[in-house]
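*Asks:* predicted coordinates and the sequence they were generated for:
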Amino acid sequence: MTMRSKYYTTYTEAVSTVYEQLEKQGYEINGDDWFRQVNTGGKPKPGETKSSFGIGLSKDGKILRKCLHIQVYRIEMPAFSPTDKYELNWYIS
């Protein structure tokens, strides 16, 4: 699967998009991996990237050898900017 990249205004919006897209495609995401790698540790600070490696996937009840990889980069915005900006990259390999 090819890497996808897009900008979001919140960290939650970015990672929720991945979850929703994969569910639409029939994938099941390992909840323990998701919690440990995506939900814990908070969102990245400005100028930092939060990466998740090897989130387990299954499809049609079968565990896949492929894993989900996510990177969320929080773009440093000027002090006068009213919102944050997050860049989301994700792929399955």
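*Replies:* Perfect, I can see it now. Numbering: from 1, shown residues only.

*Asks:* so which residue of the chain lies furthest out from the middle?
*Replies:* Distance from the C-alpha centroid of the chain peaks at residue 80, with 27.1 Å (C-alpha atoms, centre = their mean).

*Asks:* neighbouring strands - and their directions - for the host helix or strand of residue 86?
*Replies:* Using DSSP states H and E, residue 86 sits in strand 85-92. Using DSSP bridges, the strands paired with strand 85-92 in its sheet are strand 4-8 (antiparallel), strand 62-75 (antiparallel).

*Asks:* show me what counts as buried in the longest one.
*Replies:* For strand 62-75, burial by neighbour count (16 or more other C-beta atoms under 10 Å) applies to 67, 68, 69, 70, 71, 72, 73, 74. C-beta coordinates here come from the backbone N, C-alpha and C atoms, glycine included.

*Asks:* turn those residues into a markdown table, including distance to residue 13 and pLDDT.
*Replies:* Formatted as a markdown table, the buried residues of strand 62-75 follow (distance: C-beta to C-beta, whole Å; pLDDT from 0 to 100):
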| residue | distance to residue 13 | pLDDT |
| --- | --- | --- |
| 67 | 23 | 96 |
| 68 | 17 | 96 |
| 69 | 19 | 96 |
| 70 | 13 | 94 |
| 71 | 15 | 94 |
| 72 | 10 | 94 |
| 73 | 14 | 95 |
| 74 | 13 | 93 |
